[in-house]
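>>> quick one: sequence plus predicted model below, questions after.
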Amino acid sequence: MTFTLDPCQCTTYGDRFLADADTLGPRREAYRRCEQCRGAGSVAYPCYRCHRLGRRRAQLVVTVANLDTGAVVSHQVVPGGLDPHRDPAGHWVVDLASRVRELAASVGAVVADADEPSLWLSKQWRPDLPAAQRRELEAHTILRADHAPWRLVLGRSDAAPTVDPAARLARLCALADLLLLDLVVEARRQGAGFGWVIRYESPGSPVPSGLPGWCRGLPDALARTDVADALTSLAERGLAAPARLLRPDSPRPPVVPAVDVDQLERRVLADCVDPASGDELPGAQALWRDGRWWHTTLRAGEPVEILAEQPTGQVVRRVRVPLTRGCEPPDPPWLGEPVDWRPCPDCRPGTRLRACDCRLGGRPADSDCPHCSGAGLRPSALRCFTCGDTNRLHRTLLVTVTDLRHRVVHLTWQAGTPEVAPLVATQPNGRPVVQLPDRYRLGSWAAVLGARPEDLADADGGHQIGKDLRDGYVTLPWAGADPVGEHVRSAGRGTAAGRLIVVAAPPDAPPLPELLRLALGLDLALVVGVCDLRHHTADPMLADGLRWSVEVKPCDAPVRPDDLPYRPSLAAALAWCVECLTDEVAGAAPTDPEAPIPVPWSGPRDLVADPVADLLRLAAQHAGQAVTVRFNRTGCAVHRHDDDGVRLLAEAPDLRDLRS
């Protein structure tokens with residue numbers, strides 16, 4: 001039927017407007033005023049399994065590729081070829097993980113622990129059943145795992161170096177001292193065991209409410225947590241942390257002493273029990289601050305009631321019990337005086353009220369506005385655009401630029417500081433654009449650390465730094481406004497404790513020929529987009545530099561007009577392609593269930609010639625326009641993005657043949 005008829009969300013809580021999250025309503029009772037089902041109790045959804053085609057393909061393909069040799073080998077799972085075996089409980093199962101290890105060995109690749117699921121056959125399946133009946137049962141087994149019909153597992157000829165827990169913990173501690181942050185090692189109870197998490201925090205950050213991921217112990221958590229993982233969500237954790245000045249020249253321990261991981265783990269686990277009563281506590285923490293470990297318990301705080309509006313029109317009441325630290329360690333010597341701030345005028349703390357669109361551009365609230373009726377505020381699920389949900393506008397921004405190794409620069413940008421900021425452009429709405437001196441340009445500080453301006457990225461999430469912050473451009477709300485204050489307000493939006501940490505280092509990415517060889521081995525196309533905007537370098541109103549994109553797509557996929565490059569460097573585009581590679585390969589499976597999934601199989605092959613120089617030449621020839629080059633097994637095709645769409649420029653067996 002191409003759609004499913006599922007119970008409506010309102011049936012979870014029954015015919016009640018205000019419901020408790022822990023109290024379920026009568027089974028299948030619908031909310032009579034439901035805004036989704038209108039009281040019917042069920043809702044029709046398009047079937048995501050078959051993509052509204054009404055048919056599904058009973059086929060899975062697992063492909064293993066060796067990135068060092070280009071060898072590719074595949075195994076297809078189809079009815080009649082499962083080769084199941086009995087497990088100790090007597091159930092028939094198909095172990096895909098062991099099959100992945102066999103494929104990896106055949107191409108000389110070492111892969112990480114395969115997370116491919118086991119396919120459990122139904123209890124009705126027996127090897128002595130008629131062939132047609134066995135295949136029907138096997139088809140239903142395969143369909144239960146067809147959410148990713150084509151699975152790619154990448155490996156290398158040599159095994160990745162084993163992570164030394166003590167060495168990684170010492171590196172994380174040293175980086176915490178370098179960046180002036182806390183390193184938190186936390187254990188929380190999860191059922192009969194503990195969940196471990198390692199993260200960086202700004203001093204004064206509250207204990208996060210979410211549960212940590214499941215790890216077998218501290219060594220396992222260290223093996224799974226690198227620097228980027230520990231920095232992720234730093235701003236979200238520190239939205240309520242107080243902003244204070246930094247004293248980077250304060251005396252600190254010169255080196256990190258050796259850390260006994262087992263001893264640290266035992267101490268944290270011991271703190272999960274109240275020594276006075278012997279009662280079990282929710283968890284415990286160890287904080288690395290000021291060159292030593294500070295240990296604290298985690299205890300249940302005062303319950304907090306949260307009301308959440310549902311799409312059905314109901315309101316669900318949840319009671320959350322936050323965790324608090326049993327004791328706070330003393331302030332480190334590098335933490336200075338509090339930073340001045342003022343309340344955000346465009347949101348209300350503890351609510352979802354945000355500034356209405358009728359107030360954009362500094363206009364007064366419209367009394368006839370259909371969204372806010374003149375109040376100037378309206379409910380929104382998005383963060384406040386002005387403060388990023390910190391509810392504070394700081395007058396000082398603390399900027400840290402680092403290579404995440406041993407070099408760091410700490411900057412303090414203070415609103416109200418008189419600076420010479422010449423006018424460089426005017427926005428179409430008449431607002432002036434000025435440029436601040438070098439100390440406010442992160443691109444200049446990247447050069448000090450030996451990096452390129454296009455390699456600058458936010459340490460929390462890896463988002464690229466924009467042109468305004470990189471080159472010190474500021475759009476003033478009116479002539480004569482404080483340029484440093486506007487720069488601080490824009491750059492500090494949503495930062496943790498008024499701090500912005502920027503990484504000045506290129507992303508870790510394989511070279512383009514290596515990724516091209518992999519795509520050809522998979523019988524897919526590698527689509528590389530590049531746009532030369534270097535002639536816009538001196539124009540603050542336009543994007544500049546080179547823009548790149550790298551994607552893996554089916555050979556017959558069209559080049560769309562909106563497939564435009566936007567990454568600031570080729571390394572950033574390659575790193576993003578590798579991160580999304582397994583999803584892109586899964587999406588390359590034919591949508592038509594009658595068309596089988598490819599089963600690529602190829603031996604080792606040499607690297608192709610590096611096409612970067614030819615790509616740069618093409619981009620320079622068509623400066624200001626995006627050029628997309630599709631590489632596949634038959635050659636390459638060059639497309640140019642014009643105002644009226646995408647135009648095919650040339651096709652050739654090799655990109656070097658197009659030099660003329």
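It's in.
>>> you'd agree residue 637 is up against residue 650?
Yes - the pair residue 637 and residue 650 passes the contact test of C-beta atoms under 8 Å, sitting 7.4 Å apart. Placement of C-beta: from N, CA and C, glycine included.
>>> ok, the two, which is more surrounded?
For residue 637 versus residue 650, the count of surrounding residues by other C-beta atoms under 10 Å is larger for residue 637: 19 against 14.
>>> secondary structure element for the more buried one?
Using DSSP states H and E, residue 637 maps to strand 635-642.
>>> now do the helix or strand just after that strand: everything it contacts.
Where DSSP H and E defines the elements, the next helix or strand beyond strand 635-642 is strand 645-652. Contacts to strand 645-652, defined as C-beta atoms under 8 Å, 6 or more residues apart in numbering, come from residues 559, 560, 561, 628, 635, 636, 637, 638, 639, 640, 658.
>>> got the angle for strand 645-652 vs strand 635-642?
With axes from the mean of the first three to the mean of the last three C-alpha atoms, to 10 degrees defining the directions, strand 645-652 sits at 150 degrees from strand 635-642.
>>> report the buried residues of strand 645-652.
Buried residues in strand 645-652, counting neighbours by 16 or more other C-beta atoms under 10 Å, are found at residue 646.
>>> try stretch 606-614
Quick answer for stretch 606-614 (16+ other C-beta under 10 Å): 608, 611, 614.
>>> who are the contact partners of the nearest residue to residue 447 once chain neighbours are set aside?
Closest residue to residue 447 apart from its sequence neighbours, by C-beta to C-beta, 6 or more residues apart in numbering: residue 453 at 7.4 Å. The neighbours of residue 453, taking C-beta under 8 Å, 6+ apart as the test, are 442, 443, 446, 447, 470, 471.
>>> roughly how far apart are residue 453 and residue 486?
21 Å (C-beta to C-beta, to the nearest Å).
>>> ok, residue 560 next?
From residue 560 over to residue 486 (counting by C-beta to C-beta), the distance is 37 Å.
>>> more neighbours, these two?
The residue with more neighbours, out of residue 560 and residue 486 and counting by other C-beta under 10 Å, is residue 486; that gives 18 against 11.
>>> the more buried one should be in a strand, yeah?
No - the assignment for residue 486 by DSSP: H, G, I helix; E, B strand; the rest coil gives helix, which leaves it out of any strand.
>>> and it, how close does it get to residue 416?
On the measure of C-beta to C-beta, residue 486 and residue 416 end up 11 Å apart.
>>> just the strands in the stretch 101-250 of the chain please.
Residue ranges of the strands in the stretch 101-250 of the chain, as given by DSSP state E, counting those that start in this stretch, are 118-120, 150-155, 182-190, 193-201, 244-246.
>>> convert the C-alpha atoms of the fourth one to CSV, please.
This file holds the C-alpha atoms of strand 193-201, laid out as CSV (Å, rounded to 0.1, in the frame of the first residue of the first chain):
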residue,chain,number,x,y,z
GLY,A,193,27.5,-1.4,35.8
PHE,A,194,29.0,2.0,35.1
GLY,A,195,29.1,4.3,32.1
TRP,A,196,32.3,6.2,31.7
VAL,A,197,32.9,9.5,29.9
ILE,A,198,35.9,11.8,29.4
ARG,A,199,35.4,15.4,28.4
TYR,A,200,36.7,19.0,28.7
GLU,A,201,34.7,21.6,30.6
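>>> partners of that strand in the sheet?
Using DSSP bridges, the strands paired with strand 193-201 are strand 182-190 (antiparallel).
>>> follow-up on the earlier one: quick one: average confidence on the strand holding residue 637?
Strand 635-642 shows an average pLDDT of 94 in the prediction.
>>> could I get the strands of the stretch 101-250 of the chain as a markdown table with mean neighbour count and distance to residue 54?
Putting the strands of the stretch 101-250 of the chain into a markdown table (neighbours: other C-beta atoms under 10 Å; distance: least, C-beta to C-beta, whole Å) gives the following:
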| stretch | mean neighbour count | distance to residue 54 |
| --- | --- | --- |
| strand 118-120 | 16 | 24 |
| strand 150-155 | 22 | 21 |
| strand 182-190 | 21 | 42 |
| strand 193-201 | 22 | 42 |
| strand 244-246 | 18 | 61 |
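>>> could I get the ones you listed as CSV with distance to residue 494?
Supplementary listing: those in CSV, determined by distance: least, C-beta to C-beta, whole Å:
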stretch, distance to residue 494
strand 118-120, 43
strand 150-155, 34
strand 182-190, 20
strand 193-201, 16
strand 244-246, 18
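>>> tell me which of those strands lies nearest to residue 601.
In this view, those are compared for proximity to residue 601 by C-beta to C-beta, and strand 150-155 is the closest at 13.7 Å.
>>> pull up the pairing partners for the closest one, direction included.
For strand 150-155, sheet partners with direction are given as strand 60-66 (parallel), following DSSP bridges.
>>> give me the contacts around the strand it pairs with.
Judged by C-beta under 8 Å, 6+ apart, the contacts made with strand 60-66 from elsewhere in the structure are 71-78, 96, 99-100, 103-104, 107-109, 111, 116, 142, 145-146, 149-157, 518, 521-522, 585, 589, 597-600, 604.
>>> in ChimeraX, select just the buried ones from the residues you listed.
Isolation of the buried members of those (16+ other C-beta under 10 Å) is achieved in ChimeraX through the command below:
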select :71,72,73,74,75,77,78,96,99,100,103,104,107,109,111,116,142,145,146,149,150,151,152,153,154,155,518,521,522,585,589,597,598,599,600
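>>> which residue ranges of the stretch 301-450 of the chain form strands?
All strands of the stretch 301-450 of the chain, identified by DSSP E, counting those that start in this stretch, fall at 304-309, 315-320, 323-325, 335-338, 341-343, 353-355, 377-379, 392-394, 396-402, 408-414, 423-426, 432-435.
>>> deepest-packed of the ones you listed, please.
For the strands of the stretch 301-450 of the chain, the largest average neighbour count (mean count of other C-beta atoms under 10 Å) is found in strand 396-402, namely a mean of 23.
>>> the inter-axis angle of that one versus strand 408-414?
Going by the same axes, to 10 degrees, strand 396-402 makes 160 degrees with strand 408-414.
>>> other SSEs contacting strand 396-402?
Judged by 3 or more C-beta pairs under 8 Å, 6 or more residues apart in numbering; DSSP states H and E, strand 396-402 is in contact with helix 165-179, strand 244-246, strand 408-414, helix 442-448, helix 483-491, strand 499-504.
>>> just name the most buried of those.
With neighbours defined as mean count of other C-beta under 10 Å, those peak in mean count at strand 499-504, which reaches a mean of 25.
>>> show me the contact partners of the helix or strand just after that strand.
Later in the chain than strand 499-504, the nearest helix or strand by DSSP H and E is helix 512-521. Contacting residues not belonging to helix 512-521 are listed as 65, 67, 70-72, 525-526, 528, 550, 552, 570, 574, 577-578, 600, 602, 605, 607-612, 631-633 [C-beta under 8 Å, 6+ apart].
>>> in strands, which of those fall?
In strands, defined here by DSSP state E, the members of the contacts of helix 512-521 are 65, 72, 525, 526, 528, 550, 552, 631, 632.
>>> and the gap between the last one and residue 312?
Same thing as residue 632. Taking C-beta to C-beta as the measure, residue 632 and residue 312 are separated by 48 Å.
>>> higher neighbour count, those two?
Each of residue 632 and residue 312 had its neighbours counted (other C-beta under 10 Å), and the higher figure belongs to residue 312 (22 against 18).
>>> what pLDDT is listed against the closest residue to that one other than its chain neighbours?
In space, not counting the residues next to it along the chain, residue 312 is nearest to residue 10; the distance is 4.1 Å by C-beta to C-beta, 6+ apart. Taken from the predicted model, the pLDDT recorded for residue 10 is 91.
>>> go ahead and confirm residue 10 touches residue 38.
No - proximity of residue 10 to residue 38 does not meet the contact threshold set by C-beta under 8 Å, at 10.0 Å.
>>> those two - which one has more neighbours?
Each of residue 10 and residue 38 had its neighbours counted (other C-beta under 10 Å), and the higher figure belongs to residue 10 (29 against 13).
>>> confirm that that one sits in a strand.
No - secondary structure of residue 10, determined by three-state DSSP: helix, with no strand assignment.
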